[in-house]
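J.: I would like the atomic coordinates for the input below:
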Amino acid sequence: MDTPSADRGEVRQPPAAAWAIFEEEVLGAPWGSIAKSELEFKVFRLLMATGSLDATAGDGQIAARLKVPVSRVRTLRYRLDQESIGDDYLAAVIKSFEVHRTEPSTDVHLAIDSRYLRERFVERLRAERIAVRRELAGELLRLELTDLVSFVLMADDVPPADRQALIGDLVPAWREREGSAWETSVRSASAVLSAASDAQDLAKGLLAVLDKAF
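T.: Modelled structure (predicted):
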């Protein structure tokens, strides 16, 4: 999926700071000891950090700019995301994915451009025993709405503000659907979650949002 991405890690830095890091890494090692692939990554990271390469551009656009295969750009971006996002991936996923409705089921499609974020998110969902399917060459994730809402509300490492923002983003999709399948699905998730003390307020807030939406 070669579309502009907003879910990359924060890689932009002041040019002087980015150059200082690059200089320290390169000159701090014995000259000629850095492998070509490692040096290539450091240069790529420097170009992204200074804005010489647009971090929001698609892989194909960057590949065309660098005159290299798209597969090489994907590999470099995966490592850059791994380094810049690290274990804070879940908050980045929640903030970034686009939700697409699926007719006529209560499933949702999640579009996550970053391969690193997709893979970490799928691992987490499966660890929580949540069924998730990959579609469109693995670039779209499909799961049931109730599972998505339950996961977001119960995940301790998702900041409350991000949880509320995600629920707010889903409301327009609920409004557009015919019938009440999604409303029933989300109300069901909220009813279950309301029994958990750490999610009780969030569940009540979600029900209040739904009452205004329908």
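
J.: tell me the domain boundaries of the chain?
T.: Per automatic domain parsing, the structural domains of the chain span 15-85, 90-213.

J.: what ranges do the strands span in this protein?
T.: Listed in chain order, the strands of the chain (DSSP state E) span residues 98-101, 107-111, 133-135, 140-144.

J.: can you list those in a markdown table and add distance to residue 161, mean neighbour count and mean pLDDT?
T.: Quick note: C-beta positions are derived from backbone N, CA and C, even for glycine. Formatted as a markdown table, the strands of the chain follow (distance: least, C-beta to C-beta, whole Å; neighbours: other C-beta atoms under 10 Å; pLDDT from 0 to 100):
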| stretch | distance to residue 161 | mean neighbour count | mean pLDDT |
| --- | --- | --- | --- |
| strand 98-101 | 18 | 15 | 70 |
| strand 107-111 | 20 | 19 | 81 |
| strand 133-135 | 29 | 12 | 82 |
| strand 140-144 | 23 | 18 | 85 |
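
J.: Now that we're looking at residue 137, what pLDDT does it have?
T.: Looking at residue 137, its pLDDT is 64.

J.: Could you export the strands of the chain to a markdown table, including columns for distance to residue 124?
T.: As requested, the strands of the chain are arranged in a markdown table below (distance: least, C-beta to C-beta, whole Å):
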| stretch | distance to residue 124 |
| --- | --- |
| strand 98-101 | 17 |
| strand 107-111 | 13 |
| strand 133-135 | 15 |
| strand 140-144 | 11 |
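
J.: nearest to residue 58, of those?
T.: strand 107-111 (12.9 Å; C-beta to C-beta).

J.: Packing partners of that closest one?
T.: If you count contacts as 3 or more C-beta pairs under 8 Å, 6 or more residues apart in numbering; DSSP states H and E, strand 107-111 packs onto strand 98-101, strand 140-144, helix 145-154.

J.: any chance of these in a markdown table, plus distance to residue 18?
T.: Shown next, in a markdown table, are the helices and strands packed on strand 107-111 (distance: least, C-beta to C-beta, whole Å):
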| stretch | distance to residue 18 |
| --- | --- |
| strand 98-101 | 29 |
| strand 140-144 | 33 |
| helix 145-154 | 34 |
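
J.: Which among the ones you listed is found nearest to residue 107?
T.: Each of the helices and strands packed on strand 107-111 was checked against residue 107 via C-beta to C-beta, and the shortest separation belongs to strand 140-144, namely 5.5 Å.

J.: contact partners of that closest one?
T.: Judged by C-beta atoms under 8 Å, 6 or more residues apart in numbering, the contacts made with strand 140-144 from elsewhere in the structure are 100, 102, 106-112, 118, 121-122, 125, 130-135, 185.

J.: Understood, closing this out.
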